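Trainee: Predicted model and sequence below, questions to follow.
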Amino acid sequence: MIIVLKSLATDAERVAIVERIEELGLRAHVSTGEERTIIGVVGNDRAVDPSAFESLPGVERTIPILRPFKLVSRDFKPEPTCITLGNGVTIGGEAITVIAGPCAVESREQLLTTAKAVRSAGAHLLRGGAFKPRSSPYSFQGMGEEGLAILAEAKSETGLGIVTELMSESEIDTVARYADVIQIGARNMQNFSLLKEVGRLRKPVLIKRGMSSTLEELCLAAEHVMSQGNRDVMLCERGIRTFERATRNTLDLSAVAVLKEWTHLPVLVDPSHGTGKRSLVTSMSLAAIAAGADGLIIEVHPHPDRALSDGPQSLAFDQFHSLMQQMRALVAVVGRKL
Ligand code: PEP
Ligand code: MN
């Protein structure tokens, strides 16, 4: 449930309400807005009678929350979450954030040339997997820590922050040392122990929607992270499995609008995995921004035809450059910045 305080509620009244919540074995999540304070009650509050709170001084009203996620919910925190990274890049504000780079780090040369190309085209963050979740055990599995060291070198040369995937709890310290944003991949979206571990970090987390997951399940994945104290979570629509075979996945752009209604978290779109086809990436990127997405994560490779993973959906440098130019024209129309 949510407890809305009166606009003139005092600090002492707020403290007394929080104490009452804690006495009942629940947790209070206080959100101080410009006009008034609201307190989210977290835990299993089904057995608690709302009138127990309505009679407390300073309380205006209580609102039951019917959705199973709470900290993630816009009811709990009406204002959008804006995540600021060390290099000043923000995600979830007025500006659109573009994350670009190869599917996987393959070599020093491949990554450094890509980092420079995407930076000069206007990308804000560099992506690249060092630990790759591959459907086949015989496919390229990623360079591991050596790949992370190359990402670090690219960061120091270009200033771009790093977004890279964490696949397993055993690598959490290593990946956290190099990453500015930790990516949880579609296949791990419901790896609850991994989600809880990243929840204990103080580092932004990008959660990709599982290919067979509902939006409620995606929000609950974020709730797992946030329930451990990490508030810097962003969500990413990356396409789901449907009967349609024309694209690798079906990019669910309505997810953007739904997630924006339900949550205060930044919402990103991955048109590369979402379509699996290079020729569709630009149109779906523009559509994602028009639908209200806060950013994009796009695969770019110096020689897409020679990529060790996801070449068919990777853009060449000139294609990424042209996408960014089209994006600049669009953001002005939709009242955003780039
Ligand atoms: C990726 O970003 O390269 C990736 C593996 O994405 P997903 O988890 O969405 O398949
Ligand atoms: Mn990929």
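Mentor: Cool, got the structure. The shown structure was predicted, so the numbers you read here are calculated from the model rather than taken from an experiment. Ligands and ions are numbered 1, 2, ... in the order given.
Trainee: Pull out the buried positions in the longest helix along the chain.
Mentor: When the chain is parsed with DSSP state H, its longest helix is helix 317-333. Within helix 317-333, the residues that count as buried by 16 or more other Cβ atoms under 10 Å are 317, 319-321, 323-324, 327, 330-331. For the C-beta atoms, the positions are set from N, CA and C on the backbone; glycine is no exception.
Trainee: tell me what it is packed against?
Mentor: strand 97-101, helix 108-121, helix 278-290 (3 or more Cβ pairs under 8 Å, 6 or more residues apart in numbering; DSSP states H and E).
Trainee: ok, for whichever residue of the chain sits closest to ligand 2, nearest residue in space, not its chain neighbours?
Mentor: Nearest to ligand 2, among the residues of the chain, is Cys103, at 3.2 Å (Cβ to the ion). Among residues not flanking Cys103 along the chain, Asp310 sits closest, at 3.8 Å (Cβ to Cβ, 6 or more residues apart in numbering).
Trainee: hang on, that neighbour packs against Arg127?
Mentor: No - taking contacts as Cβ atoms under 8 Å, Asp310 lies outside contact range of Arg127: 11.3 Å.
Trainee: shared neighbours, the two?
Mentor: Glu299 (Cβ atoms under 8 Å, 6 or more residues apart in numbering).
Trainee: Give me the more crowded residue out of those two.
Mentor: Between Asp310 and Arg127, counted using other Cβ atoms under 10 Å, Arg127 has the larger neighbour count: 29 against 20.
Trainee: Against Ile184, how distant is the more buried one?
Mentor: With distances taken as Cβ to Cβ, to the nearest Å, Arg127 is found 14 Å from Ile184.
Trainee: on that earlier part again, the longest helix of the chain to helix 108-121, inter-axis angle?
Mentor: Relative orientation of helix 317-333 versus helix 108-121 (axes from the mean of the first three to the mean of the last three Cα atoms, to 10 degrees): 30 degrees.
Trainee: CA atoms only for helix 317-333, dumped as PDB, please.
Mentor: Taking C-alpha atoms only, helix 317-333 is exported to PDB below (Å, rounded to 0.1, in the frame of the first residue of the first chain):
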ATOM      1  CA  PHE A 317      30.200   2.600 -38.900                       C
ATOM      2  CA  ASP A 318      28.600   4.700 -41.700                       C
ATOM      3  CA  GLN A 319      25.200   3.200 -41.000                       C
ATOM      4  CA  PHE A 320      25.400   4.000 -37.300                       C
ATOM      5  CA  HIS A 321      26.500   7.500 -38.200                       C
ATOM      6  CA  SER A 322      23.500   8.000 -40.500                       C
ATOM      7  CA  LEU A 323      21.200   6.600 -37.800                       C
ATOM      8  CA  MET A 324      22.500   9.200 -35.300                       C
ATOM      9  CA  GLN A 325      21.900  12.000 -37.800                       C
ATOM     10  CA  GLN A 326      18.300  10.900 -38.300                       C
ATOM     11  CA  MET A 327      18.000  10.600 -34.500                       C
ATOM     12  CA  ARG A 328      19.100  14.200 -34.100                       C
ATOM     13  CA  ALA A 329      16.200  15.400 -36.400                       C
ATOM     14  CA  LEU A 330      13.700  13.300 -34.500                       C
ATOM     15  CA  VAL A 331      14.600  14.200 -30.900                       C
ATOM     16  CA  ALA A 332      13.800  17.900 -31.700                       C
ATOM     17  CA  VAL A 333      10.300  16.800 -32.800                       C
END
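Trainee: change the start of the numbering to 636 and stick with it
Mentor: New numbering, starting at 636: the last item is helix 952-968.
Trainee: Show residues contacting that helix.
Mentor: Helix 952-968 is touched from outside by 731, 733, 735, 749, 752-753, 756-758, 913, 916-917, 920-921, 924-925, 933, 935, 937, 950, 972-973, with contacts defined as Cβ under 8 Å, 6+ apart.
Trainee: just stretch 823-839 next, same as before
Mentor: By Cβ under 8 Å, 6+ apart, the list of residues contacting stretch 823-839 reads 718, 720, 726, 768, 801-804, 807, 811, 814-817, 819, 840, 842-845, 848, 852-853, 856, 859-865, 867-869.
Trainee: And the helices in the stretch 736-885 of the chain?
Mentor: All helices of the stretch 736-885 of the chain, identified by DSSP state H, counting those that start in this stretch, fall at 743-756, 780-793, 807-813, 827-835, 850-862.
Trainee: what distance separates stretch 956-971 from the centre of its chain?
Mentor: The chain centroid and the centroid of stretch 956-971 are separated by 21 Å, computed with Cα atoms, centre = their mean, to the nearest Å.
Trainee: Good, wrapping up.
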